[in-house]
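[1] predicted model follows, preceded by the sequence.
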Amino acid sequence: MANASDEFRVVSPGISHEGRLPRKYTGDGQGAKKDLSPPLEWYNVPEGTKSLALVVHDLDPQDPDGPIIPWSHWVVVNIPPTLKGLPEGFSGKEEEAGGEYSGIKEGVNYWKVPGWRGPKLPTPGHQLQAHRLEFRLFALDDELHLGNKVTKEKLLEAVEGHVLGEASFVAYF
């Protein structure tokens, strides 16, 4: 049996161990410290991985009486397996990052805009339970060719049959 230190995993050095999402990564931060994409690091990418893909979504429904549709906050595809992570504030800068980052593409989130959009704290009167934000990283045996408009739905459909490994963690807000 593989020992835990060998397993494919993803973490964020910007999110503490109890998992609360710091304010600067949410829609409730201030100025430049608002809607920053959190830093991510991953370990033990499975052998044969050609690309990584990331989906970040809210596992809790916005409308407790409505259908459970996880809102996507960030979709990223074609991350080279040679990278060890994404730096804080990477979202929206993939074009200028160049180099190893040049093939990475950010998809559109729930708000129909590309890149990271941090969650907002529930409005007053909304039930005050914490929401769970899941970060899911897929190790794939191929690059994804999803056209210009990458969405979470397209990504999840395209990875079928190509997943060599999956790693995830949950943060709360």
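    Great, that's in hand. This structure is a prediction, so every number in the text was calculated from the model and none was measured.

[2] by mean pLDDT, which helix or strand of the chain comes out lowest?
    In the chain, no helix or strand scores lower on mean pLDDT, DSSP states H and E than helix 94-97, which sits at a mean of 69.

[3] given the helix or strand just after it, what are its sheet partners and their directions?
    Later in the chain than helix 94-97, the nearest helix or strand by DSSP states H and E is strand 105-106. The strands beside strand 105-106 in its sheet (DSSP bridges) come out as strand 71-79 (antiparallel).

[4] Lys154: which element?
    Short version, using DSSP H and E: Lys154 is in helix 152-158.

[5] mind listing what's buried along the following helix or strand past that helix?
    The element immediately downstream of helix 152-158 (helix or strand, assigned by DSSP H and E) is strand 163-172. By neighbour count on 16 or more other Cβ atoms under 10 Å, the buried set for strand 163-172 is Leu164, Gly165, Ala167, Phe169, Ala171. C-beta coordinates here come from the backbone N, C-alpha and C atoms, glycine included.

[6] do stretch 151-159 as well
    Buried positions in stretch 151-159, judged by neighbour count with 16+ other Cβ under 10 Å: Thr151, Lys152, Lys154, Leu155, Ala158, Val159.

[7] spit out the contact partners of the residue nearest to the third one when sequence neighbours are not counted.
    Excluding the flanking residues, the one nearest Lys154 by Cβ to Cβ, 6 or more residues apart in numbering is Leu146, at 5.1 Å. Residues in contact with Leu146 (Cβ atoms under 8 Å, 6 or more residues apart in numbering) are Val77, Lys105, Gly107, Lys154, Leu155, Ala158.
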